[in-house]
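A.B. asks: what follows is a predicted protein model with its sequence.
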Amino acid sequence: MASRADTAESSAKARVVLLTLASGQFLMALDSSVMNVSIATVAEDVGTTVTGIQGAITAYTLVMAMFMIPGGKVGALIGRKRSFMIGCCIYGAGSLTTALAPNLTVLLLGWSLLEGIGASLILPAIVALVAGNFAVERRPAAYGLVVAAGAVAIAVGPLIGGVATTYFSWRWVFAGEVLVVLGILVLARRIADAPPGERRSIDYVGAVLSALGLGVFVYGVLRSDEWGWFLPKPDAPAWIGVALTTWLMLAGLLLMWFFLRWEARVVGRGGDPLVDPSMLQNKQLSGGLTMFFFQFLVQMGVFFVVPLYLSVALGLSALQTGARLLPLSVSLLLAATLIPRLLPDTSPRRVVRFGIFALLAGAVVLLAALDLDAGAEVVTVPLLLIGLGMGALASQLGSVTVSAVPQAQSAEVGGVQNAVTNLGASIGTALAGSIMIAALTASFLTNIAANPAVPDSVTSQATVQLQSGAPFLSDAQLSTALDEAGVSAEVSEAALEANADARLDGLRAALAILAFAALVALFFTQRIPSTQPRSTPDP
């Protein structure tokens, strides 16, 4: 009888721990999408421009990227649970500051700086705490649910933001985050902690190099839409004819090379590195990290493209767009939780390959379904497939990376893992956006040039004005702009028709590059183990 009671209590505690960690992951991911539908409203409320708010979102991503690896080391030094709770306190303070922000400066302090620093402590700690609180055989299901919580947050973020902005205020979203943080802190008392490492020092030179390397690289990627990837856009900064984006990415990679060389030197002197370079030579770990990179590249590209199709091309509201994304959340959650439960001994490599094929199939089906006469219902089956793929990957990858190294290194793995996913997410969004705008521009200019109703003078003027890329506009937005410009009805009709075709061409091009990325990922799946881990490797 006592044994049954102990088992029930242990099971209840495990559920509370999992709920706590999944809530933390949900909260961190929510900030990446919740305000995308409310940027104009936020800008007006704090007395700034849309560019200012986009800059705040960019700064939040940068701060997370810069401090993710040092954040993982902090958890190893002071304890994962303490790092998690300190991160929650900082994040909660940032959310409260943002909710009360009277201007852009305070918004930057709360949203970009404090929340970014808090996230860089929380996310690596979550990876380590799952490893410390769940037996090896239970980790796939635990990691699957935690990662799924983050993906669901990105999917429902626009819905939450739309409801709050439409019926209440965007500030209530951040006020609600404070309440969630308080709930997490209360529940976190039941989380078991691993003891801090023996060495209690941090490699400050390595921390600076990693922060600068990741920060410079991600900043270059985030500015690619304005500057161009290789050939600079008109009036964009460049050096010897090459866009600044390329130089920043190269500089970031060079700094990361110096970082790894420095870490090897620290190890050689018997010091305590931020990340042991030999850890990255682990075939299983590098395979898991590579899959994480591709998963988040495709995942964030999809979350960029599909809402644009629904909200701009079809004119759906934020609430309707969020509702159409729900099939993805449902299939993702089901796959992430049921695969480890129903197939506990299945090959991780086989599940990962299945997940990649599902992502590829979803992107291809959606690409084929997009048409001028298509409605919102065409996204349902593709999103179910994409969600299935994401869930399959989520059910395996967390366990694959953490089980590749001794548990003492789980916090460092968490820092590197989240840095890699951050890179994948940034590149996925930027790449999909750039390809989409480039294809849209080329298609639009080709269509109006081939239309006899459009005078050559108008075609030439459009070509000059759209050198830096055509905006992704709805028919209503373009119609308003044409009316204000005093364009004739015949030219206006031709422009609207060209824009409708070009929008779809842009979306198809973005989906094609995401499908190609999923296909490339298949070539790296050989590094995923073919058997489920049943024990943690010895140090």
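C.D. replies: Alright, I've got the coordinates. Quick caveat, the model's predicted, so the values are computed rather than measured.
A.B. asks: for the closest residue to S317 other than its chain neighbours, give its distance to A151.
C.D. replies: Leaving aside its chain neighbours, S317 sits nearest to G162 (6.8 Å; criterion: C-beta to C-beta, 6 or more residues apart in numbering). (Each C-beta comes from the backbone N, C-alpha and C, glycine too.) Taking C-beta to C-beta, to the nearest Å as the measure, G162 falls 19 Å from A151.
A.B. asks: neighbour count winner among these two?
C.D. replies: A151 (27 against 22; other C-beta atoms under 10 Å).
A.B. asks: how about the more buried one, what does it touch?
C.D. replies: Residues near A151 by C-beta atoms under 8 Å, 6 or more residues apart in numbering: A29, Q299, S329, L332, M390, A394.
A.B. asks: same thing but 7 Å
C.D. replies: Q299, L332, M390, A394 (C-beta atoms under 7 Å, 6 or more residues apart in numbering).
A.B. asks: burial measure for the third one, as a count.
C.D. replies: Just to be clear, that refers to M390. With neighbours defined by other C-beta under 10 Å, the count for M390 comes to 31.
A.B. asks: use 567 as the first number from now on
C.D. replies: With the count now opening at 567, the last piece we talked about shows up as M956.
A.B. asks: shouldn't it be in contact with L898?
C.D. replies: Yes - using C-beta atoms under 7 Å, M956 and L898 qualify as a contacting pair, with a distance of 4.9 Å.
A.B. asks: what sits against the most centrally placed residue in the chain?
C.D. replies: The residue lying closest to the centre of the chain (C-alpha atoms, centre = their mean) is A991, at 3.9 Å. Contacts for A991 (C-beta under 7 Å, 6+ apart) come out as F862, M866.
A.B. asks: I figured G928 hits L951, correct?
C.D. replies: Yes - the pair G928 / L951 is scored as a contact, 3.5 Å apart, by C-beta under 7 Å.
A.B. asks: okay, now F923: neighbour count?
C.D. replies: Residues lying near F923 (other C-beta under 10 Å) number 17.
A.B. asks: what's the answer for the one 5 residues further on, then?
C.D. replies: Each residue near G928 was counted by other C-beta under 10 Å, and the total is 29.
A.B. asks: likewise for L748?
C.D. replies: For L748, the neighbour count with other C-beta under 10 Å is 13.
A.B. asks: which residues touch it?
C.D. replies: By C-beta under 7 Å, 6+ apart, L748 lies in contact with nothing.
A.B. asks: and V832, by the same measure?
C.D. replies: So V832 contacts D769, G772, P839 (C-beta under 7 Å, 6+ apart).
A.B. asks: what's the offset of the helix or strand encompassing it from the middle of its chain?
C.D. replies: In this assignment (DSSP states H and E), V832 forms part of helix 810-834. Between the mean C-alpha location of helix 810-834 and the chain-wide mean there is a distance of 23 Å, by C-alpha atoms, centre = their mean, to the nearest Å.
A.B. asks: and that helix, which residues are buried?
C.D. replies: Neighbour counts over helix 810-834 (16 or more other C-beta atoms under 10 Å) mark 810-815, 817-818, 821-822, 824-826, 828-829, 832 as buried.
A.B. asks: same thing with stretch 798-805?
C.D. replies: Using 16+ other C-beta under 10 Å as the test for burial, stretch 798-805 gives P798, K799, A802, A804.
A.B. asks: and if you look at stretch 651-669?
C.D. replies: Across stretch 651-669, burial judged by 16+ other C-beta under 10 Å covers 651-665, 667.
A.B. asks: just say helix, strand or coil for G955.
C.D. replies: helix (DSSP: H, G, I helix; E, B strand; the rest coil).
A.B. asks: where does the stretch 967-1105 of the chain have low pLDDT?
C.D. replies: Along the stretch 967-1105 of the chain, segments meeting pLDDT under 70 span 973-977, 1017, 1019-1041, 1044, 1047-1054, 1057, 1100-1105.
A.B. asks: burial count for F734?
C.D. replies: 12.
A.B. asks: swap that for L989, sorry
C.D. replies: For L989, the tally of surrounding residues (other C-beta under 10 Å) stands at 21.
A.B. asks: and it, what helix or strand is that in?
C.D. replies: Secondary structure assignment for L989, by DSSP H and E: helix 976-1016.
A.B. asks: now that helix and helix 810-834, what's the angle there?
C.D. replies: Between helix 976-1016 and helix 810-834, the angle comes out at 170 degrees (axes from the mean of the first three to the mean of the last three C-alpha atoms, to 10 degrees).
A.B. asks: skip the chain neighbours and tell me the closest residue to W813.
C.D. replies: Sequence neighbours aside, W805 is the residue nearest to W813 in space, at 5.8 Å (criterion: C-beta to C-beta, 6+ apart).
A.B. asks: and the gap between the one you found and V782?
C.D. replies: 14 Å.
A.B. asks: list the residues that contact A595.
C.D. replies: When contacts are counted by C-beta under 7 Å, 6+ apart, A595 is found next to G716, A719, I720.
A.B. asks: between those residues, which sits nearest A970?
C.D. replies: Using C-beta to C-beta, G716 comes nearest to A970 of these, at 21.0 Å.
A.B. asks: not counting sequence-adjacent ones, nearest residue to the closest one?
C.D. replies: Per C-beta to C-beta, 6+ apart, closest to G716 is A595, 3.8 Å.
A.B. asks: cool, R1093 as well?
C.D. replies: Nearest residue to R1093 in three dimensions, chain neighbours excluded: G853, at 2.5 Å (C-beta to C-beta, 6+ apart).
A.B. asks: then R916?
C.D. replies: Nearest residue to R916 in three dimensions, chain neighbours excluded: S1096, at 7.5 Å (C-beta to C-beta, 6+ apart).
A.B. asks: and the one you found, what element?
C.D. replies: Going by DSSP H and E, S1096 is not in any helix or strand.
A.B. asks: would you confirm that it contacts D911?
C.D. replies: No - with contact defined as C-beta under 7 Å, S1096 does not reach D911; the gap is 11.4 Å.
A.B. asks: and for the two, which residues touch both?
C.D. replies: Joint contacts of S1096 and D911 (C-beta under 7 Å, 6+ apart) do not exist.
A.B. asks: where does the stretch 817-966 of the chain dip in pLDDT?
C.D. replies: For the stretch 817-966 of the chain, no stretch is flagged by pLDDT under 70.
A.B. asks: and if we set it to 90?
C.D. replies: Within the stretch 817-966 of the chain, the segments meeting pLDDT under 90 span 822, 825-826, 828-854, 858, 862, 865-914, 933-946, 956-957, 960-966.
A.B. asks: cool, the stretch 567-716 of the chain as well?
C.D. replies: For the stretch 567-716 of the chain, the ranges with pLDDT under 90 are 567-650, 664-674, 676-679, 682, 686, 688-716.
A.B. asks: hmm, try it at 80
C.D. replies: Along the stretch 567-716 of the chain, the model assigns pLDDT under 80 to residues 567-580, 597-610, 614-624, 627, 638, 641-643, 697-698, 701-707, 710, 713.
A.B. asks: helices of that one, start to end?
C.D. replies: Assigned by DSSP state H, counting those that start in this stretch, the helices in the stretch 567-716 of the chain fall at 568-596, 605-611, 616-644, 646-665, 670-673, 681-699, 705-733.
A.B. asks: tell me which of these is the most buried.
C.D. replies: Each of these was scored by mean neighbour count; the highest is helix 681-699, a mean of 28, by mean count of other C-beta atoms under 10 Å.
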